[in-house]
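In: Okay, here's the prediction I keep looking at, along with the sequence it came from:
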Amino acid sequence: ENNKDRFRNEEILAISKILLESRAFCKEELNELLRKMRLLSKEDDMKQVNEMIKNEKFNYVPLKHGKKLLNIIWELSRYITRQEIISISYTTKEGKSRVHRIKPVSIMFSEYYFYLIAYIEDKEEYPAIFRIDRITEIKDINKKFKINYSEKFKDGEFRKYIQFMHSGPLTKIKFRYRGYLEYVLDRFPTAEVLAEEVVGEGNSSYTVYTVSIEVYGSFGAEMWLRSQGDYVVDYEILK
């Protein structure tokens, strides 16, 4: 057996920490995932891994929906692979039930939740985003859709343009920012620094960056910009 192909204990510990921090799963699914992860470690190190995560595991607070997700994630992934149109019953954040016929193209995880990315049938200007825990029913309608390889949905590219999983038309936003530039570049992979201006003198001086970003819909980006308070000097939506 090649030891290079086995998980190292530090890898098992790191993945376990990520699972706990994500809060993505109900306690039952989380405990089972952690149990199986620990079984991959060497027997004499299993206790150490368990000790390192014991407190976080004890104090783990799952999300309010409390739903099991692994089976539905797998079911949706099969429809994506087979390129099958499905009908889903979906509960909105207002608690209203809606039925959508969709072309599922990807599953993503972002800030506590798993999401299904899909194109609503006959409305394909930009992808729609559904929180998977809010999907209450899935029906196979025995109808396939076709995406050419050149047009295939690219998860990595999509993630660059999406903020807080709010979709919409592709939009450009320009803003001036006086905080740590690294925060902006990490938050917006499409960010382009257009200009830098030093304001003030000596120890009281600071740099104002003019930044352009491109995102799907403005809502998520504007939510982040407003959360930055005075660090965002101003912003405008270009299109």
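Out: Received, thanks.

In: if I pick residue 91, what's in contact with it?
Out: 97-98, 134, 136 (C-beta atoms under 8 Å, 6 or more residues apart in numbering). From N, CA and C alone the C-beta is placed, and that goes for glycine too.

In: Try it again at 7 Å.
Out: By C-beta atoms under 7 Å, 6 or more residues apart in numbering, residue 91 lies in contact with 97, 134, 136.

In: Show me what it is bridged to.
Out: Beta-bridge pairing of residue 91 under DSSP bridges involves residue 97.

In: Pull out the buried residues from the contacts of residue 91.
Out: residue 134 (16 or more other C-beta atoms under 10 Å).

In: now the contacts of residue 91 in a markdown table, with distance to residue 113 and pLDDT?
Out: Converted to a markdown table, those look like this (distance: C-beta to C-beta, whole Å; pLDDT from 0 to 100):
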| residue | distance to residue 113 | pLDDT |
| --- | --- | --- |
| 97 | 19 | 93 |
| 134 | 9 | 95 |
| 136 | 16 | 95 |
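
In: Tell me the one of the contacts of residue 91 nearest residue 170?
Out: residue 134 (25.2 Å; C-beta to C-beta).

In: Would you mind confirming that the closest one makes contact with residue 90?
Out: Yes. Contact status for residue 134 versus residue 90: in contact at 5.7 Å, counting by C-beta atoms under 7 Å.

In: ok, so of the contacts of residue 91, who is nearest residue 194?
Out: residue 134 (38.7 Å).

In: ok, and the closest non-adjacent residue to that closest one?
Out: residue 91 (4.7 Å; C-beta to C-beta, 6 or more residues apart in numbering).

In: From residue 48, how far out is that neighbour?
Out: Distance from residue 91 to residue 48, counting by C-beta to C-beta, to the nearest Å: 42 Å.

In: Equivalent analysis for residue 11, please.
Out: 14 Å.

In: Between the two ends of stretch 198-208, how far is it?
Out: Counting by C-alpha to C-alpha, to the nearest Å, you get 6 Å between the two ends of stretch 198-208.

In: Report the beta-bridge partners for residue 139.
Out: Beta-bridge partners of residue 139, as defined by DSSP bridges: residue 87.

In: Does it touch residue 87 like I think?
Out: Yes. Counting by C-beta under 7 Å, residue 139 touches residue 87, with 4.3 Å between them.

In: all helices of the protein, in order?
Out: 9-22, 27-39, 43-58, 70-82, 155-161, 181-187, 219-227 (DSSP state H).

In: quick one: pLDDT of residue 43?
Out: Listed pLDDT for residue 43 reads 67.

In: Name the nearest of the contacts of residue 91 relative to residue 15.
Out: residue 134 (26.7 Å).

In: which residues sit in contact with residue 126?
Out: 167-170, 216.

In: For it, give me the pLDDT.
Out: Looking at residue 126, its pLDDT stands at 75.

In: I'd like to know how far it sits from residue 171.
Out: From residue 126 over to residue 171 (counting by C-beta to C-beta), the distance is 10 Å.
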